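Colleague: heads up, no residue letters with this:
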C-alpha cells in the first residue's frame, strides 16, 4: 500500500512559451485510486501524455516502479506495465468490439510478421486463450452481447467502457484513466467508478484518474491532486480537498 | 455505323486481357495491403513495379535464369521499398502520399536520364524466360498466363495469411488509430515499414512478370497514371478485401483492354479507347457516391478467436 508505484520529479513540458506542465512532482501509491482534478486547460492530459511518452518532457524525470521511463516511446511504456485511456475514446472504429480487445493482448506471438507463416499452431492456441480472456472482460463490462459489432456503432458510454476493458486486457499494473466517466449518464458514471474500486481491491491495480465529476471521484479516490496552470496547487485526502480554500477558489467554486 | 473492321485471333485478345488482369491484380493486392489494411497512402506504387521490372530485365539480359531474375526483383524492390519508407513513414498520410509520388517520379527520371543503367528512353528488350522452339503464340501466352496466375495465387495466399492473423489485426488498428495502437504496446513504425517492404516486394514480382510479358520496357511505361490505375482498382473493388481488389483489377483492366478490342473490331462514332477514361472516371464517382466501401466490404479477421467467440454466444444463450 505504501509503495510509490509512479513518481514524477520536476516534470516540465512546454509548448512554445506555454508551460503546460510546470515543475510537477507527484507520486501515486500502489493499489490506490489517485485522482487528478483541475480546471480545463490546467495541463492534466498533457501530464498524462508526458508520463506515457506521447510527449518527451523538456525537463524532469518519471519513474515507474523505480525504473526511469521518461524518454521512452508509448509502446515501451506499455511494456513496463502501464495502460491508459483517452479523454475521447480512441477505439478502432471499423474493428469489432472483440478485435478491439484482442489488439491489447500482451506478448502475442502472432503479432510478429514471420510468425504469421511459421509457428502458426503456437499463436493460434494463444489466440484462443486471449479470446476467452477478452470475452470474460467484456462480460464484466457488460459488452459481451456486442462483441461482433464494429466499435463505431457503440454509444458514447459503451465506448468509454470498451476503452477501459481494452486497457484491462493489457494486464497492466497501473492504469492512467483520462475522464473515465465523461459523457456518460450519472448512473453509469457511478458504476464505472464502482468497477474501478472493485478492480483496485480484487486485482490490486493502481489507478491514476483525471475526472471532472468531482462528487463521484471524491467518493472513490484515496488521494487527490489538484492542478492549475500546469502546477500542482494542492494534494490530500478527498475531504481535505473539498475544504481547501484555494481549490474551492480556482476550481470547485462556492458551494 | 457499327461494323466489323478487322479480324484477328480473338482468343489472343482475351488472353492478353487475362495477362494484364493478373499482373495488375498482384499490384492491387499489394496496394491493398498498404492502403486498404494499413492505411498507408502509397502514391509511388509504380516505382516499385518499375524497380522489379528493371531489376529482372537487367538480370535476364545478363543471362541469368528467370527464377533468379524474379527473386532478385523481389529482393531489390523490397529493399528499395524499405529504404523509401524509413523517412516517409514518419509523415502523416497526406505527406506520405506526396513523398511517395515524388519518389516514384525521381526514380523514373533517373532510369530515363542515366542511360548506362538501362539505355534511358530507348528502353531495353527482355529475353523470354520461355525458350521452346516452334512454340505457337497461343501456347506461349498460355504458359505465360500460368506463371502470372501462379504468382497471383501465391501473393493472394500470403496476403490472406497476413491479414487474417493477430499481425493483420495490428495493422488494421494502425489504420484506425496510430496512437491508440502505440499505447497498446505496438511498435507502429516497425509494422508500417514491414508492410511497405512486403507490399513493394510484391510490386516487384508484378514488375518482373510485366517485363517478361511485354518483352520491352521503357520509362514511359511507368508514369504516375499506373499508380492511379492501381488505386482505382482498390477503391472500386473495396479496400481491405483482397477478393474485392482482384475484382477491381479485373474490372478496370477489362475496360482498359476491352476498349482496345472494341476499337480494333468495331468502327464507332467515338474512339472507345478514349471513351474508357470517361467511363472509368464516371464509375469511380458513382461508386464513391453510392457504395463508398467499394464492390466488396472489408473482410473480417478470421482467426481461431472467431471460433471461441461463436461458442461463447451459445454458452451464454443457454443460461
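Modeller: Arrived safely. Nothing here was measured: the structure is a model prediction, and the numbers come from that model.
Colleague: Is the closest residue to chain B within the stretch 101-250 of chain A part of a helix or strand, or is it coil?
Modeller: Closest residue of the stretch 101-250 of chain A to chain B, Cβ to the nearest Cβ: residue A:110 (3.3 Å). C-beta coordinates here come from the backbone N, C-alpha and C atoms, glycine included. Using DSSP: H, G, I helix; E, B strand; the rest coil, the structure places residue A:110 in helix.
Colleague: again with residue B:129
Modeller: coil.
Colleague: Leaving out the residues flanking it, which one is nearest to it?
Modeller: Spatially, and ignoring its direct neighbours in sequence, residue B:129 is nearest to residue B:66 (3.4 Å; Cβ to Cβ, 6 or more residues apart in numbering or on different chains).
Colleague: ok, now which ones touch that neighbour?
Modeller: B:60, B:129, B:212 (Cβ atoms under 8 Å, 6 or more residues apart in numbering or on different chains).
Colleague: Tell me the bridge partners for residue A:24.
Modeller: residue A:11 (DSSP bridges).
Colleague: Under the pLDDT cut-off, which ranges of the stretch 1-150 of chain A? List them.
Modeller: Applying pLDDT under 70 to the stretch 1-150 of chain A flags residues A:1-2.
Colleague: give me that answer again for 80
Modeller: Counting by pLDDT under 80, the low-confidence segments of the stretch 1-150 of chain A come to A:1-2, A:119.
Colleague: Surely the residue of the stretch 101-250 of chain A closest to chain B and residue B:166 touch.
Modeller: Yes - between residue A:110 and residue B:166 there is a contact at 3.3 Å, judged by Cβ atoms under 8 Å.
Colleague: which residues do the two both contact?
Modeller: Between them, residue A:110 and residue B:166 share the contacting residues A:123, A:127, B:303, judged by Cβ under 8 Å, 6+ apart.
Colleague: for those, which one is nearest residue A:116?
Modeller: residue A:123 (8.3 Å; Cβ to Cβ).
Colleague: Please give me every residue in contact with the closest one.
Modeller: Applying Cβ under 8 Å, 6+ apart, the residues near residue A:123 are A:108-110, A:115, B:165-166.
Colleague: Now do it against residue B:37, distance only.
Modeller: 19 Å (Cβ to Cβ, to the nearest Å).
Colleague: re earlier: Serialize the contacts of residue A:123 to CSV and add fields for distance to residue B:312.
Modeller: Formatted as CSV, these follow (distance: Cβ to Cβ, whole Å):
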residue, distance to residue B:312
A:108, 19
A:109, 22
A:110, 20
A:115, 25
B:165, 21
B:166, 18
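Colleague: any chance of the residues you listed in TSV, with neighbour count and distance to residue A:84 too?
Modeller: TSV is the format used below for the contacts of residue A:123 (neighbours: other Cβ atoms under 10 Å in any protein chain shown; distance: Cβ to Cβ, whole Å):
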residue	neighbour count	distance to residue A:84
A:108	23	19
A:109	18	25
A:110	24	24
A:115	17	27
B:165	26	26
B:166	25	21
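Colleague: Show me which of these is closest to residue A:233.
Modeller: Of the contacts of residue A:123, the one sitting nearest to residue A:233 (Cβ to Cβ) turns out to be residue A:108, at 42.7 Å.
Colleague: what sits against the closest one?
Modeller: Contacts of residue A:108 by Cβ under 8 Å, 6+ apart are A:123, A:126-127, A:130, B:166.
Colleague: Next: residue B:262.
Modeller: Applying Cβ under 8 Å, 6+ apart, the residues near residue B:262 are B:268, B:272.
Colleague: From chain A, how far off is it?
Modeller: 39 Å (Cβ to the nearest Cβ, to the nearest Å).
Colleague: Assign residue B:71 to helix, strand or coil.
Modeller: Classified using three-state DSSP, residue B:71 is helix.
Colleague: after the helix or strand containing residue B:173, next one along is what?
Modeller: Using DSSP states H and E, residue B:173 falls within helix B:166-176. Per DSSP H and E, the first helix or strand lying C-terminal to helix B:166-176 is helix B:178-183.
Colleague: How far off centre is that following helix?
Modeller: For helix B:178-183, the separation from the chain centroid amounts to 28 Å (computed by Cα atoms, centre = their mean, to the nearest Å).
Colleague: Show me what counts as buried in that helix.
Modeller: Buried residues in helix B:178-183, defined by neighbour count with 16 or more other Cβ atoms under 10 Å in any protein chain shown: B:178, B:180-183.
Colleague: residue of chain B with the smallest distance to chain A?
Modeller: residue B:166 (3.3 Å).
Colleague: can you map out the helices along chain B?
Modeller: For chain B, the helices defined by DSSP state H cover B:10-31, B:45-61, B:66-88, B:93-113, B:115-118, B:137-163, B:166-176, B:178-183, B:188-214, B:224-237, B:242-265, B:272-290, B:304-318.
Colleague: so the residue of chain B closest to chain A sits right up against residue A:128, yeah?
Modeller: No - taking contacts as Cβ under 8 Å, residue B:166 lies outside contact range of residue A:128: 11.7 Å.
Colleague: any weak-confidence spans in the stretch 201-319 of chain B?
Modeller: Using pLDDT under 80, the stretch 201-319 of chain B drops low at B:260-268, B:272-273, B:313-319.
Colleague: Would you check how far apart the closest residue to residue B:276 other than its chain neighbours and residue A:177 are?
Modeller: With Cβ to Cβ, 6+ apart as the criterion, residue B:276 has its nearest non-adjacent residue at 3.9 Å, and that residue is residue B:259. Distance, residue B:259 to residue A:177, by Cβ to Cβ: 59 Å.
Colleague: same thing with residue A:34?
Modeller: From residue A:34 over to residue A:177 (counting by Cβ to Cβ), the distance is 10 Å.
Colleague: Now do the shared contacts for the two.
Modeller: A:207-209.
Colleague: from those, which single one is nearest residue A:10?
Modeller: residue A:208 (18.1 Å).
Colleague: pretty sure that closest one is touching residue A:177, no?
Modeller: Yes - assessed by Cβ under 8 Å, residue A:208 is found in contact with residue A:177 at 7.3 Å.
Colleague: residues touching residue B:229, list them.
Modeller: By Cβ under 8 Å, 6+ apart, the neighbours of residue B:229 are B:24, B:252, B:256.
Colleague: near chain A, from those?
Modeller: Contacts with chain A within the contacts of residue B:229, as defined by Cβ under 8 Å from any Cβ of the partner chain: none are present.
Colleague: Reformat those as a markdown table; add neighbour count.
Modeller: Putting those into a markdown table (neighbours: other Cβ atoms under 10 Å in any protein chain shown) gives the following:
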| residue | neighbour count |
| --- | --- |
| B:24 | 26 |
| B:252 | 27 |
| B:256 | 18 |
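Colleague: which residues sit in contact with residue B:209?
Modeller: B:22-23, B:26, B:70, B:147-148, B:151.
Colleague: Take the contacts of residue A:108 and write them to a markdown table, including distance to residue B:159 and secondary structure.
Modeller: Shown next, in a markdown table, are these (distance: Cβ to Cβ, whole Å; DSSP: H, G, I helix; E, B strand; the rest coil):
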| residue | distance to residue B:159 | secondary structure |
| --- | --- | --- |
| A:123 | 18 | helix |
| A:126 | 22 | helix |
| A:127 | 19 | helix |
| A:130 | 23 | helix |
| B:166 | 16 | helix |
